[in-house]
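A.B. asks: Output the structure for:
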Amino acid sequence: MSRALTDLQIFKAEFFRALAHPVRIRILEELRGGPRTVHALQEALGLDQPSVSQQLAVLRVKNLVVATKAGTSVSYAVRDPLIHDLLMVARTIFNNRLVDTQAMLKALTKERERAS
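C.D. replies: Model prediction:
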């Protein structure tokens, strides 16, 4: 395996690790509508300021969001709008898996009914 491929795999893993927290995903989903302040994100998510700020810091370090200061207020926005496409694709994959699981559950239920 070449070193460049290894570096790319590490980069990808770090990227997905940054997404591997439910609050961070919720923040990114909230930012789909445009920039939001920490206070607005707190209210939308029903979380306290330290929790939101901690997760925003991770997203900022991983370059997934950018911060813009206006006076005393800081607004956050998604750095690359394609992140929303990625989250939509993930949602579609999860939905497909749920549909498959529901189909298996129905088949099991029918099988159990026939056995009774």
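
A.B. asks: So which residue is dead centre in the chain?
C.D. replies: With distances taken as Cα atoms, centre = their mean, residue 25 lies nearest the centre of the chain, 2.6 Å away.

A.B. asks: Is it in contact with residue 31, as I believe?
C.D. replies: No. Using Cβ atoms under 8 Å, residue 25 is not in contact with residue 31; the gap is 10.8 Å. Backbone N, C-alpha and C define where each C-beta goes, glycine included.

A.B. asks: I'd assumed residue 53 was in a helix, is it?
C.D. replies: Yes. Assessed with DSSP: H, G, I helix; E, B strand; the rest coil, residue 53 lies in a helix.

A.B. asks: what packs against the top helix by length along the chain?
C.D. replies: Using DSSP state H, we find that the single longest helix of the chain is helix 82-115. When contacts are defined as 3 or more Cβ pairs under 8 Å, 6 or more residues apart in numbering; DSSP states H and E, helix 82-115 sits against helix 22-30.

A.B. asks: for the protein, what are the low-confidence residue spans?
C.D. replies: Scanning the chain for pLDDT under 70 picks out 1-2.
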